[in-house]
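Peer 1: Compute the structure for the input listed below.
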Amino acid sequence: MENRAISGLVSELISDHGPLLEFFGRYEERAPTAIGDFVAGNPQEMPLPGFVAALSKWLVPRSKDHFAYKMSVPEARQAAVASLASARGVRFAEEDIIMTSGAFGALAASMRALCDTGDEVIYLSPPWFFYRGMIKNLGATPVRVDVDRTTWDIDVPAVERAITPRTRAIIVNSPNNPTGRIYPRANLDALARVLEAASARAGRRIYLISDEAYSRIRYDKRGYESPIGSYPWSLLIYTYGKQLLTPGERIGYIALPPVMPAADRKALRTAITMSQLLLGWLWPNAVLQYAVGELEGLSIDIAKLQRKRDRVVAGLREAGYELNVPEGAFYVLVKSPSADADSFVEQLASQGVLVLPGATFEMPRYFRISVTASDAMIERSLPVFAATIKSPVSA
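Peer 2: I've put the predicted structure just below:
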């Protein structure tokens, strides 16, 4: 019998994300006994001692309201301002740093502040797998635009064709999950010109939501180009969960760049604050906010992460796989040797090697490998990858 307590929208979201939910249900059962867990950007080794020390330090209450409701703690904002000034050469106003419950909370609050029911939000595909559902959940309409499958850059002409009078925002994720591409300045400048012209035609601003979760996870000494350097009406979203590899301790921020007109920044600050409040207090807990000053100076070993990337890339190429070498983020995008990629993923799983199927991020002929796996996992799993490609399941 139909459960009428479940709304039509929730039922639609369950339908959209059913395969993902089903996959992660099986993953939870399999992960404890897997010889190689490459599914998500999860820690497979003990956390940074500095992270533990910072939390331990700030667990000790300084006053009666140490654990009271907190929005954006001044010290956390100041630490973010100093970090952005040092890394980007841009001095943000303290009031334009809005602390959030990670990138997830930042995305939800940003889109809720920007979008009315029926507005359209463009997202680039392949995407982080929750963009589409989050857009729908906020009453907006997701509009998919594929990136250039040769360069993995933003297909700017395709974005231009997708813009309508209802377009309110576009999400840009660089370094990208899952491709690992860091979008170059020329690509971002071209996108900015399109957004500026389209905003002028529509008579209302199209905003760019810049998901910069992996901006500190870069390989081969590459620099980073932020969309805020190309387009003033950008909302910079950051989370500390990637640089610290602590995705369960959710803290990040939204930063409104000083090149955005002051009146627009003021209106956005108010709208985002109201969104955070009504969406379920989307601010980080107090202890995490107090610790930001210490967290800013911590990072997982990027050189070690790069060595693991290189080992995975070399091992899979030697075995005969086609793959993309990431410039940043945690992931290697691999083409399935079988047209039935889901079955190939299951074939690997039956031998204790867990990867993320491409259907979860709109690339059904691919799968994704996270190089946050331990060295031991990589070495145990590469022979399984090599053996499985020799006898893949048929389509």
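Peer 1: what's around residue 21, how many residues?
Peer 2: The tally of other residues near residue 21 (other Cβ atoms under 10 Å) stands at 11. Quick note: C-beta positions are derived from backbone N, CA and C, even for glycine.
Peer 1: tell me the phi and psi of the most centrally placed residue in the chain?
Peer 2: When Cα atoms, centre = their mean is applied to the chain, the residue found nearest the centroid is residue 213 (5.4 Å). Main-chain torsions, residue 213, degrees, to the nearest 10: phi -60, psi -40.
Peer 1: check contacts around it.
Peer 2: 103, 173, 177, 237, 238, 239, 241, 242, 252 (Cβ atoms under 8 Å, 6 or more residues apart in numbering).
Peer 1: Sitting in helices, which of those residues do you find?
Peer 2: Under the assignment DSSP state H, those contribute residue 103 to helices.
Peer 1: now the top helix by length along the chain: how far from the chain's centre is it?
Peer 2: Taking DSSP H as the criterion, the chain has its longest helix at helix 8-30. Centroid displacement of helix 8-30 relative to its chain, using Cα atoms, centre = their mean, to the nearest Å, is 19 Å.
Peer 1: Buried residues, it. List them.
Peer 2: 13, 17, 20, 23, 24, 27, 30 (16 or more other Cβ atoms under 10 Å).
Peer 1: for stretch 265-280, same thing?
Peer 2: Going by 16+ other Cβ under 10 Å, stretch 265-280 has these buried residues: 265, 268, 269, 272, 273, 275, 276.
Peer 1: Go ahead and report the secondary structure state at the nearest residue to residue 163 once chain neighbours are set aside.
Peer 2: By the measure of Cβ to Cβ, 6 or more residues apart in numbering, the closest residue to residue 163 outside its immediate chain neighbours is residue 198, 4.6 Å from it. Secondary structure for residue 198, judged by DSSP: H, G, I helix; E, B strand; the rest coil, is helix.
Peer 1: Give me the pLDDT value at residue 22.
Peer 2: Residue 22 is assigned a predicted lDDT (pLDDT) of 79.
Peer 1: so how far is residue 110 from it?
Peer 2: 29 Å (Cβ to Cβ, to the nearest Å).
Peer 1: Tell me where the stretch 251-395 of the chain has strands.
Peer 2: For the stretch 251-395 of the chain, applying DSSP state E, counting those that start in this stretch gives strands covering 252-255, 323-324, 331-335, 353-354, 356-357, 366-370.
Peer 1: Now for the residue nearest to residue 163, how many residues are close by?
Peer 2: Neighbour tally, residue 198, other Cβ under 10 Å: 20.
Peer 1: again, but for the one 5 residues further on
Peer 2: When neighbours are counted by other Cβ under 10 Å, residue 203 registers 7.
Peer 1: just residue 218 next, same as before
Peer 2: 20.
Peer 1: contacting residues for the spatially closest residue to it that is not a sequence neighbour?
Peer 2: Once flanking residues are discounted, residue 218 sits nearest to residue 328: 4.4 Å by Cβ to Cβ, 6+ apart. Residue 328 is in contact with 174-176, 180-182, 214-215, 217-219, 222, 224, counting by Cβ under 8 Å, 6+ apart.
Peer 1: gap between residue 328 and residue 182?
Peer 2: 5 Å.
Peer 1: list residues touching both of these two?
Peer 2: 174, 175, 176, 218, 222, 224.
Peer 1: So the second one: helix, strand or coil?
Peer 2: It refers to residue 175. Residue 175 - assigned by three-state DSSP - is coil.
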